[in-house]
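1. sequence plus predicted model, see below.
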There are 2 protein chains.
Amino acid sequence: MPRKIILYIACSLDGYIATQNDDISFLQCVEKEGEDYGYTKFTETVDTLILGRKTYQKVIEMGYNYHPDKEVYVLSQTKNEAPFYNGDLLELVQKLKNKEGKNIYCDGGSQLIKALLGLGQIDEIIVSIIPVMLGAGIRLFAERSEELNNLELLGCTPFETGLVQLHYAIKNKQ
Amino acid sequence: MPRKIILYIACSLDGYIATQNDDISFLQCVEKEGEDYGYTKFTETVDTLILGRKTYQKVIEMGYNYHPDKEVYVLSQTKNEAPFYNGDLLELVQKLKNKEGKNIYCDGGSQLIKALLGLGQIDEIIVSIIPVMLGAGIRLFAERSEELNNLELLGCTPFETGLVQLHYAIKNKQ
């Protein structure tokens, strides 16, 4: 089994991952003790993460130690010292996919998702739809020029809090 | 029970109801004989429809007779002869909600949805997520200035074709 790149992310019903000011406090409405919506189980299936610089910075600012047990690549325009990477994205993901290992977790944000979709390199999408509408903000799926009509629904799980987790595979990539 | 306005609509995973050219052929990927995704059952619970002029025109151009057995209001900037209505939207929906009857089906499009959400007049949302990404097009939820954090998940139904139907109530409207 080749390693897969899996986008695991949450968005509002109207498709935003954060407000325009990078505020993600809307996620709090589904916080529930003892319920992690499969996150721990998911992270056990991955050993590598790729994410955008802004997303990384946001997590660090929130005081988290970003997955110290895993290989982390933070895509950056400028910095190139680990965990930052400012080289060619396709080269990186092809290198990672050709290595042995668990799956690769794409943690966003919007620009990296767009770039990876454009390269046909996202293999699965696990999106948790939070029962709120932000009205405006940073879109999970930024505008792109190509259609993707090869999604296969792998799962659909509703939770008591109103969160719905959708799981798709992207087949026969362009 | 007061009459409810229910938005019943389909969109791509990336939140579009049509391409920029009003093309809705992406819906064909979930067409399946004998499967109407609850549409007939839903239409039996409504006796009135409100929709935007462009959406109406699109349906008419496709050769359909638009719900001849129901009361239809097509919101227009200009025309006012039935089924068109160019008066005040809030006045119309309040008049309709104060009448006896079955529920009211909002059939889109994007502008009418935005206006009704802004007026706090959509009571339920039934959205069928089609397993495709259009990349760009007409968004189900156009940008708005207000958040809506009072959605209650009423149902979540996956279908064999990969379509997922989500059903929300909007509680305690603004």
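-> That came through fine.

2. okay, now the unreliable bits of chain A?
-> Applying pLDDT under 70 to chain A flags residues A:172-174.

3. try 90
-> A:1-2, A:62, A:172-174 (pLDDT under 90).

4. up against chain B, what does it have?
-> A:13-15, A:26, A:29, A:117, A:125, A:127, A:129, A:131-136, A:139-141, A:143-149, A:151-153, A:156, A:158, A:162-164, A:166, A:168 (C-beta under 8 Å from any C-beta of the partner chain). All C-beta atoms are positioned from the backbone trio N, CA, C, and that covers glycine.

5. which of those residues fall in strands?
-> A:125, A:127, A:129, A:139, A:151, A:152, A:153, A:156, A:158, A:164, A:166, A:168 (DSSP state E).

6. can I get these in JSON lines with neighbour count?
-> Below are these laid out as JSON lines (neighbours: other C-beta atoms under 10 Å in any protein chain shown):
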{"residue": "A:125", "neighbour count": "25"}
{"residue": "A:127", "neighbour count": "21"}
{"residue": "A:129", "neighbour count": "27"}
{"residue": "A:139", "neighbour count": "23"}
{"residue": "A:151", "neighbour count": "22"}
{"residue": "A:152", "neighbour count": "13"}
{"residue": "A:153", "neighbour count": "19"}
{"residue": "A:156", "neighbour count": "20"}
{"residue": "A:158", "neighbour count": "17"}
{"residue": "A:164", "neighbour count": "23"}
{"residue": "A:166", "neighbour count": "23"}
{"residue": "A:168", "neighbour count": "26"}
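
7. out of those residues, who's nearest residue A:35?
-> Proximity of these to residue A:35 (C-beta to C-beta) peaks at residue A:158, which lies at 12.5 Å.

8. in the sheet, who's paired with that closest one?
-> Beta-bridge pairing for residue A:158 (DSSP bridges): residue A:164.

9. now it: how far from residue A:106?
-> 24 Å (C-beta to C-beta, to the nearest Å).

10. do residue A:48 as well
-> For residue A:48, the distance to residue A:106 - C-beta to C-beta - is 10 Å.

11. the two: who's more crowded?
-> Neighbours were counted for residue A:48 and for residue A:106 using other C-beta atoms under 10 Å in any protein chain shown; residue A:106 has more, 27 against 20.

12. show me the contacts for that one.
-> Shown in contact with residue A:106 (C-beta atoms under 8 Å, 6 or more residues apart in numbering or on different chains): A:5, A:6, A:7, A:8, A:49, A:50, A:51, A:112, A:113, A:116, A:122.

13. where's the closest residue in space to it that isn't next to it in sequence, which helix or strand?
-> With sequence-adjacent residues excluded and distances taken as C-beta to C-beta, 6 or more residues apart in numbering or on different chains, residue A:106 is closest to residue A:7, at 4.5 Å. Residue A:7 is part of strand A:5-12 when elements are defined by DSSP states H and E.

14. which other residues reach the helix or strand following that strand?
-> Sequence-wise, the next helix or strand downstream of strand A:5-12 (DSSP H and E) is strand A:16-18. Outside strand A:16-18, the residues that touch it by C-beta under 8 Å, 6+ apart are A:9-11, A:24, A:58, A:108-110, A:134, A:136-140.

15. which one of those is nearest chain B?
-> When the contacts of strand A:16-18 are ranked by distance to chain B (C-beta to the nearest C-beta), residue A:136 comes first, at 4.7 Å.

16. count the residues that sit near the closest one.
-> Residue A:136: 17 neighbours (other C-beta under 10 Å).

17. how about the spatially most central residue of chain A: what's its closest non-neighbour residue?
-> For chain A, the residue nearest the mean C-alpha position is residue A:107 (3.1 Å; C-alpha atoms, centre = their mean). Closest residue in space to residue A:107, ignoring its immediate chain neighbours: residue A:51 at 4.0 Å, by C-beta to C-beta, 6+ apart.

18. what's the answer for residue A:171, then?
-> residue A:150 (4.5 Å).
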